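A.B. asks: Predicted model follows, preceded by the sequence.
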Amino acid sequence: MPMAPIISKCTKKEVNRGTWTAEEDEKLAKVIEIHGPKRWKMIAAKAGLNRCGKSCRLRWMNYLRPNIKRGNISDQEEDLILRLHKLLGNRWSLIAGRLPGRTDNEIKNYWNSHLSKKIKQNEKKNEGSAALESIQNSKLNKQIDGIAEKPEEGCSNRDTESTPNFIGDALFSFCNEEPLDLGWMNQFLQMDDSLFSIL
DNA sequence: AAGTATACCAACCGCGAGCGC
DNA sequence: GGCGCTCGCGGTTGGTATACT
């Protein structure tokens, strides 16, 4: 019978909860600078924060980490979220991995507060599954207009036949690459329609 | 101006996977 | 193999800001 220690569940009564203060952020950042973003329990202790490791990790991942982009999700990012969600479902961390500077929490919040409503509205309007397509296509058309036909450099040596292996491979590769610029996004937007048709 | 509803987002919670002992 | 610990993920909650009546 697994009996996890109370402390690991962040339920210790005397642990701080709620919004982080600037002072706490500063302390946490300093410790992470020295020890790196791992061993969160140790980091929480070293920082002298009355927080559990889990809370420290979350704060770092969603707020303090370098290169975090906040707010103003662009049309292009929104479209990418819609498409990746269609491919991956609620795999927020995977989706966030394709959006440089965005966190899984932010994407999840954005989805729950904006996109899910939008989709529901459109489903009502269009009566069914064609709704999502219409949102995506209207946006996609705007983008595709500007996309050059030639493939991105660096992908030219791939076997581009649409075999199931290639698709799985491609998806896997997209999910594991370092975040790229709009070139990647365009490449993805060009090819994921073929993924959908086969999947 | 005051009260209420809604939107947004930061943070918490529970769970499962991976790892070392 | 069992156990404890750490980490990461996705769902949910709660506080605050803003809009509306």
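C.D. replies: Great, that's in hand. Residues are numbered from 1 along each chain as shown, chains lettered A, B, ... in the order given.
A.B. asks: what's the burial count for the residue lying closest to A:N50 once chain neighbours are set aside?
C.D. replies: Of all residues not flanking A:N50 in the chain, A:N16 sits nearest, at 4.4 Å (C-beta to C-beta, 6 or more residues apart in numbering). Quick note: C-beta positions are derived from backbone N, CA and C, even for glycine. When neighbours are counted by other C-beta atoms under 10 Å, A:N16 registers 14.
A.B. asks: try A:K38
C.D. replies: Counted with other C-beta under 10 Å, residues neighbouring A:K38 total 9.
A.B. asks: does it count as helix, strand or coil?
C.D. replies: What DSSP: H, G, I helix; E, B strand; the rest coil gives for A:K38 is coil.
A.B. asks: Write out the residues of chain A neighbouring DNA strand B.
C.D. replies: Contacts of chain A with DNA strand B, taken as C-beta under 7 Å from any atom of the strand, map to A:9-11, A:16-20, A:51, A:54-55, A:58-59, A:62-63, A:70-71, A:105-106, A:108-110, A:112-114, A:117.
A.B. asks: List buried residues within these.
C.D. replies: A:20, A:51, A:55, A:58-59, A:106, A:110 (16 or more other C-beta atoms under 10 Å).
A.B. asks: now for those, which pair is the farthest apart?
C.D. replies: A:R51 and A:Y110 (25.9 Å; C-beta to C-beta).
A.B. asks: Identify each buried residue in the one helix or strand A:D79 maps to, please.
C.D. replies: Using DSSP states H and E, A:D79 falls within helix A:75-88. Residues A:76-85, A:87 are the ones in helix A:75-88 that count as buried (16+ other C-beta under 10 Å).
A.B. asks: Next SSE downstream of it?
C.D. replies: Next in sequence after helix A:75-88, counting helices and strands by DSSP H and E, comes helix A:92-97.
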